[in-house]
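K.L.:
sequence? don't have it. structure:
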């Protein structure tokens, strides 16, 4: 496996980040999930805002960006209501808009990074995104229920709770 490092995204990374998101959209469409991100998600303005606010991270090896993800610690309005139940009601970090260039290991790297900062993580994905559902389960996330985005579309929500010794609750 590659030796990745994680750092905050910078404005100069925007072109490469957009390439990775385009690759991810094509990958999702080819794997039965053409609608989650459609042809333009996330929009450039959102990526620029995420960079400016310091919540977008890139995953690199030898200076080459292979992945990107949004990470934020604090309440995510999307997760305020759930048809189901979270496994834990503690402060949490959220991973959104994660994508890679096909190199592999992007989700595990992002999760390992996030776990260094907080012991409770949340993530969600589209019901058609079977690849991501398997990947988050492999990382130890447990399905909690269904959440709804601002536009009303449903997403399967997962959380991961880490005990103080590092193992999953």
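P.N.:
That came in fine, so what should we check first? Small disclaimer: the values here were computed from a predicted structure and weren't measured.
K.L.:
which one's the longest strand in the chain?
P.N.:
What stands out as the longest strand in the chain, according to DSSP state E, is strand 64-73.
K.L.:
Buried residues in that one, which are they?
P.N.:
Across strand 64-73, burial judged by 16 or more other C-beta atoms under 10 Å covers 65, 66, 67, 68, 69, 70, 71, 72. (C-beta placed from N, C-alpha, C; glycine too.)
K.L.:
Could you tell me what pLDDT the model assigned to the first one?
P.N.:
Pointing back at residue 65 there. On the pLDDT scale, residue 65 is placed at 98.
K.L.:
ok, now how distant is it from residue 52?
P.N.:
Noted for residue 65: a distance of 18 Å to residue 52, by C-beta to C-beta, to the nearest Å.
K.L.:
quick one: low-confidence ranges for the chain?
P.N.:
Applying pLDDT under 70 to the chain picks out residues 1, 163-169.
K.L.:
and after the longest helix seen in the chain, which helix or strand comes next?
P.N.:
Identified as the longest helix of the chain according to DSSP state H is helix 14-30. From helix 14-30 onward toward the C-terminus, using DSSP states H and E, the following helix or strand is helix 44-52.
K.L.:
Tell me the buried residues in that next one?
P.N.:
Buried, per 16+ other C-beta under 10 Å, within helix 44-52: 47, 50, 51.
K.L.:
from these, which is closest to residue 148?
P.N.:
The shortest approach to residue 148 among those belongs to residue 50, at 21.4 Å (C-beta to C-beta).
K.L.:
Now the closest one: closest residue in space that isn't a chain neighbour?
P.N.:
Distances taken as C-beta to C-beta, 6 or more residues apart in numbering place residue 56 nearest to residue 50, at 3.8 Å, with adjacent residues excluded.
K.L.:
And for residue 92?
P.N.:
In space, and not counting its chain neighbours, residue 92 is closest to residue 120: 4.1 Å by C-beta to C-beta, 6+ apart.
K.L.:
and the one you found, how many residues sit next to it?
P.N.:
By other C-beta atoms under 10 Å, the residues close to residue 120 number 20.
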